[in-house]
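In: Compute the structure for the input listed below.
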Amino acid sequence: MSVPSDWPEPIIRVQSISDAGMDRIPERYVKAPEARALSGSVSAEANIPIIDLLGGAHDQIDTATMLRNVSEACQNWGFFQVVNHGVSHELMDRAQQVWRDFFHQPMEVKQPYANSPKTYEGYGSRLGVEKGAILDWSDYYFLHYLPCSLRDLNKWPVLPTSLRAVIAEYSEQVVRLGGVLLKILSMNLGLKEDWLKNAFGGDDIGACLRVNYYPKCPQPDLTLGLSPHSDPGGMTILLPDQHVPGLQVRRDDGWITIKPVPHAFIVNIGDQIQPLSNGKVEKTID
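Out: Next up is the predicted model:
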């Protein structure tokens with residue numbers, strides 16, 4: 001199948017539209033009413049499970065409780081938050097800040113990293129190549145991290161000057177956390193600890209980084225930062241912005257807005273783990 005070398009129409013950065021100070025959003029970003037009505041009968045107090053990964057570090061009983069909590073979250077939600085996950089809180093804060101600094105730079109600094117439909121790697125503002133499609137109100141940055149053969153350092157921004165070092169350290173720690181979570185899921189399925197890791201390629205496992213940027217919107221009730229979807233990979237480890245709530249998860253016939261715990265990661269079970277677990281692990285739409 002041939003892959004288009006470029007987008008079907010000129011790319012307009014959502015951040016540029018926002019910075020222009022318009023009081024109305026362009027029609028290209030107005031979602032149909034049924035697509036943007038993400039509400040329902042779920043209690044406003046509902047939240048996804050919060051799991052302490054350190055709880056079982058020194059106690060066999062606590063380990064069993066932690067494994068059971070993860071199992072129940074995977075079966076009933078497909079989403080959960082993890083605390084005491086081993087990733088430095090200070091590093092998490094720095095990772096968010098360097099990307100804020102990147103997106104706040106002048107366009108001429110960011111534009112050389114513009115992506116294409118070939119790999120989506122780099123600075124982007126749309127997904128899909130359908131001409132005239134209704135677009136999401138967001139910009140993003142996408143990078144391949146693993147396997148190393150796919151890592152292209154030319155796509156790693158040189159400004160801000162600390163970005164490359166911070167993201168290398170952050171990615172390493174998050175990949176390590178992903179390995180811990182895959183072990184836990186394998187154990188809960190009654191399999192060897194490395195079963196899921198090996199199913200995803202073992203030492204050649206894939207990992208990528210996506211940073212979503214949601215500019216200020218004059219009509220937020222008419223659009224969405226990201227359309228409803230399930231994640232196509234095995235697992236997403238999401239670092240949310242504590243100051244910008246908005247991530248929603250499908251629950252029964254409604255949607256709940258996740259309430260992030262400070263310095264927790266949100267774990268989203270992706271499409272690929274569901275069949276690998278024979279349906280014992282649930283995937284969720286967000």
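In: Let me see the ranges of the strands in the stretch 101-250 of the chain.
Out: For the stretch 101-250 of the chain, strands defined by DSSP state E, counting those that start in this stretch occupy the ranges 122-124, 139-146, 207-213, 235-238, 248-251.
In: Report the strands that pair with the fourth one, each with its relative direction.
Out: For strand 235-238, the paired strands and their directions (DSSP bridges) read strand 265-269 (antiparallel).
In: Give me the contact list for the strand it pairs with.
Out: Strand 265-269 is contacted by residues 48, 74, 78-82, 85, 87, 174, 177, 181, 231, 235-240, 247, 258, 260, 281-284, 286 when judged by CB atoms under 8 Å, 6 or more residues apart in numbering. (Glycine included, C-beta is placed from N, CA and C.)
In: what's the offset of the helix or strand that comes right after it from the middle of its chain?
Out: Toward the C-terminus, strand 265-269 is succeeded by helix 273-276 as the next helix or strand (DSSP states H and E). From the chain centre to the centre of helix 273-276 is a distance of 19 Å (CA atoms, centre = their mean, to the nearest Å).
In: what stretches of the stretch 1-150 of the chain score poorly on pLDDT?
Out: In the predicted model, the stretch 1-150 of the chain carries pLDDT under 70 at residues 1, 37-44, 55-61.
In: right, and Val166 touches Arg94 too?
Out: Yes: Val166 lies in contact with Arg94 (CB atoms under 8 Å); the separation is 5.1 Å.
In: Quick check: helices, which of the contacts of strand 265-269 are part of them?
Out: In helices, defined here by DSSP state H, the members of the contacts of strand 265-269 are Cys74, Val174, Leu177, Leu181.
In: any idea which of these is closest to His104?
Out: Using CB to CB, Val174 comes nearest to His104 of the ones in helices among the contacts of strand 265-269, at 23.4 Å.
In: Pull the number of nearby residues for the closest one.
Out: A count of nearby residues for Val174, using other CB atoms under 10 Å, gives 22.
In: which residues does the closest residue to it other than its chain neighbours contact?
Out: Leaving aside its sequence neighbours, Val174 sits nearest to Ile237 (CB to CB, 6 or more residues apart in numbering; 5.6 Å). The neighbourhood of Ile237, defined by CB under 8 Å, 6+ apart, consists of Val174, Leu177, Gly178, Leu181, Phe265, Ile266, Val267, Asn268.
In: Same question for Leu153.
Out: For Leu153, the contacting residues are Arg164, by CB under 8 Å, 6+ apart.
In: picking that back up, how near is the residue nearest to Val174 to Pro220?
Out: Per CB to CB, to the nearest Å, Ile237 is found 27 Å from Pro220.
In: circling back: let me have the contacts of Ile237 in a markdown table, adding pLDDT as columns.
Out: Output for the contacts of Ile237, formatted as a markdown table (pLDDT from 0 to 100):
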| residue | pLDDT |
| --- | --- |
| Val174 | 98 |
| Leu177 | 97 |
| Gly178 | 97 |
| Leu181 | 96 |
| Phe265 | 97 |
| Ile266 | 96 |
| Val267 | 96 |
| Asn268 | 93 |
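In: Please state the offset of stretch 77-92 from the chain centre?
Out: Distance, stretch centre to chain centre, for stretch 77-92: 13 Å (CA atoms, centre = their mean).
In: Now it: buried residues?
Out: Trp77, Gly78, Phe79, Phe80, Gln81, Val82, His85, Val87, Met92 (16 or more other CB atoms under 10 Å).
In: picking that back up, who wins for most neighbours among the ones in helices among the contacts of strand 265-269?
Out: Counting neighbours by other CB under 10 Å, the top entry in those is Cys74, with 26 neighbours.
In: now that one: how far from Glu90?
Out: The gap separating Cys74 from Glu90 is 29 Å, by CB to CB.
In: Likewise for Arg28?
Out: Noted for Arg28: a distance of 40 Å to Glu90, by CB to CB.
In: same check, this time on Tyr123
Out: According to CB to CB, Tyr123 stands 26 Å off from Glu90.
In: in the stretch 151-286 of the chain, which ranges drop under the pLDDT threshold?
Out: Along the stretch 151-286 of the chain, the parts satisfying pLDDT under 70 run over 278-286.
In: With distance to Lys197 added, can I get the strands of the stretch 101-250 of the chain in JSON lines?
Out: Formatted as JSON lines, these follow (distance: least, CB to CB, whole Å):
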{"stretch": "strand 122-124", "distance to Lys197": "28"}
{"stretch": "strand 139-146", "distance to Lys197": "12"}
{"stretch": "strand 207-213", "distance to Lys197": "12"}
{"stretch": "strand 235-238", "distance to Lys197": "11"}
{"stretch": "strand 248-251", "distance to Lys197": "26"}
